[in-house]
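**Q** Here is a sequence together with a model predicted from it:
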Amino acid sequence: MQKILILLVLAMTPLWAAAASFQVNPVRVTLSAQHSTDVLRVTNSSNTPTLVQLQIEAWSQNNNRDVYTPSRNLLATPPIFTVAPGSQQVVRIGMRTHPETKQETCYRLFLTEVPPAPAPGFRGVQIALRVGIPIFVEPANTIAPDIHWSMQRLSATSLRLSAVNQGTAHLQILKLELSKTGQSQPVARENGGYILPGAQASWEIKLPATLAANQPLDLTATTDQGTLHAQLVPGR
């Protein structure tokens, strides 16, 4: 029996999104009224032709989850194409509508591999790659993220760290570190993610040892806009 497994890669780094059959560069696009178009380059690093289909979806966040809905506010062309082995395809991205006036709007361009028909008698799993490229559309006004942190004690050895973005632009958190105040060695590390305007994110953090009541912790967040610091005391 043939099965097709979709492997989803959400671009998190500013360099390359890579997989077995194709690569996309760059992995993040920013558009505005002054820069209304851009291009991606899709490279086939495999030894067989790769058929790729495009889809643009509006991107929001709710209850610590990404939410995607189909959108026609942006155009990506060609919508479907084949990349020969070792070759490259240029994808053009453009705006169909004017940017919002007050805050950034967020989208993802999904590039999905369309698997070829299996050979006669094939029994197994085909893996189809799906890459999600963030696209941010900026207004003419100045925008910036505004992150507010809080921390809740779940148990003597676990915490919930929360971040609310009350700003007008996204923030990409690359790494989070928690350390006891006055100590340089972190007691916990976590991966981050995107926090879109008006959204919130949370992380459940397991500690290696019991944390004393009212013990303040220093938070260091490495982001795409520099390093953020905060001192937090876990509440109940």
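**A** Yes, it's here.
**Q** got any ranges where the chain has weak pLDDT?
**A** 1-20, 117-126, 236 (pLDDT under 70).
**Q** Enumerate every residue touching residue 59.
**A** With contact set as C-beta atoms under 8 Å, 6 or more residues apart in numbering, residue 59 has these partners: 66-68, 106-108, 134, 196. Just so you know, the C-beta spots here come from the backbone N, C-alpha and C atoms, and that holds for glycine as well.
**Q** Could you list the domains of the chain?
**A** Domains of the chain are assigned by automatic domain parsing as 2-137, 147-232.
**Q** returning to that earlier point: among the contacts of residue 59, which two are most distant?
**A** For the contacts of residue 59, the farthest-apart pair by C-beta to C-beta is 67 and 134; their separation is 14.1 Å.
**Q** Tell me which of the two has more neighbours.
**A** residue 134 (20 against 13; other C-beta atoms under 10 Å).
**Q** what are the pairing partners of the helix or strand where the more buried one lies, and which direction each?
**A** Assigned by DSSP states H and E, residue 134 falls within strand 124-137. With DSSP bridges as the test, strand 124-137 is paired with strand 2-10 (parallel), strand 29-31 (parallel), strand 105-114 (antiparallel).
**Q** Pull out the buried residues from the second one.
**A** Residues of strand 29-31 classed as buried: 29, 31 (neighbour count, 16 or more other C-beta atoms under 10 Å).
**Q** what does that strand rub up against?
**A** Here strand 29-31 makes contact (C-beta under 8 Å, 6+ apart) with 37-38, 40, 74, 93-95, 99, 109, 133-138.
**Q** Name the next helix or strand downstream of that strand, please.
**A** Using DSSP H and E, the helix or strand that follows strand 29-31 in sequence is strand 37-43.
**Q** and the next helix or strand along the chain from that next one, how far from the chain's centre?
**A** Downstream of strand 37-43, the first helix or strand assigned by DSSP H and E is strand 50-62. Put simply, strand 50-62 sits 12 Å off its chain's centre (C-alpha atoms, centre = their mean, to the nearest Å).
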